[in-house]
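Enquirer: Give me coordinates for this.
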Amino acid sequence: VASLVFKINPVVLLALGYPVIAKLTKDITDNFIFENNKVVYGPCPSCEAENRIYFGNILGVEGFGDTAEVKCPNCKEVFLVKRDTLRATTLPKTA
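Expert: The predicted model follows:
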C-alpha cells in the first residue's frame, strides 16, 4: 500500500495561514494580555511636563480603571486623569 505524501510549498502554507494567525494573535493580545487597554499622554496641569498613563489590565494585573491618580515625575504634583474625558485635574492643596 503506497502512502500519499503531499508536498506543499511553505510559502503557500504561510499565505493560507496568515489571516487565521493574524486574527488569533490580535484576539489573544486584546482579550487576554492587554484587557481594556488605553494609553494616553499629555502635559502635567502644573508644570506642563509630558506624562504617559496606561488604563487597563496587563496579564491579570489590575491597572487604572476609570480614574488614574498620577504623580508627575518632574514637579512631584499629584493629579487625577479621567479615562472617558481625558481631563487632568490637580488635587486641592491642604493647608
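
Enquirer: May I see the buried residues of the least confident helix or strand in the chain by mean pLDDT?
Expert: The weakest-scoring helix or strand in the chain, judged by mean pLDDT, DSSP states H and E, is strand 88-90 (a mean of 86). Neighbour-count burial for strand 88-90 flags A88 (criterion: 16 or more other CB atoms under 10 Å). All C-beta atoms are positioned from the backbone trio N, CA, C, and that covers glycine.

Enquirer: Relative to that strand, what are the paired strands and their orientations?
Expert: strand 78-82 (antiparallel) (DSSP bridges).

Enquirer: Residues contacting the strand it pairs with, please?
Expert: 40, 42, 44-46, 53, 66-72, 87-91 (CB atoms under 8 Å, 6 or more residues apart in numbering).

Enquirer: out of those, which are inside strands?
Expert: Residues of the contacts of strand 78-82 located in strands (DSSP state E): 40, 42, 53, 67-71, 88-90.

Enquirer: Now do T25 against L14, distance only.
Expert: 14 Å (CB to CB, to the nearest Å).

Enquirer: just for this structure, where's the confidence low?
Expert: Within the chain, the segments meeting pLDDT under 70 span 1-5, 94-95.

Enquirer: same thing but at 90, please
Expert: Scanning the chain with the threshold set as pLDDT under 90 gives 1-10, 12-14, 30-32, 34-39, 41-48, 56-63, 65, 75-77, 86-95.

Enquirer: What ranges does this protein have for its helices?
Expert: Counting by DSSP state H, the chain has these helices, from start to end: 10-28.

Enquirer: center of it, which residue is that?
Expert: Nearest residue to the geometric centre of the chain (CA atoms, centre = their mean): N37, 4.0 Å.

Enquirer: That one and Y54 touch, don't they?
Expert: Yes - N37 is in contact with Y54 according to CB atoms under 8 Å; the separation is 7.2 Å.

Enquirer: For beta bridges, what are the partners of V81?
Expert: In beta-bridge terms (that is, DSSP bridges), V81 pairs with A68, A88.

Enquirer: From P73, how far out is it?
Expert: From V81 to P73 the distance is 15 Å (CB to CB).

Enquirer: Cheers, nothing more for now.
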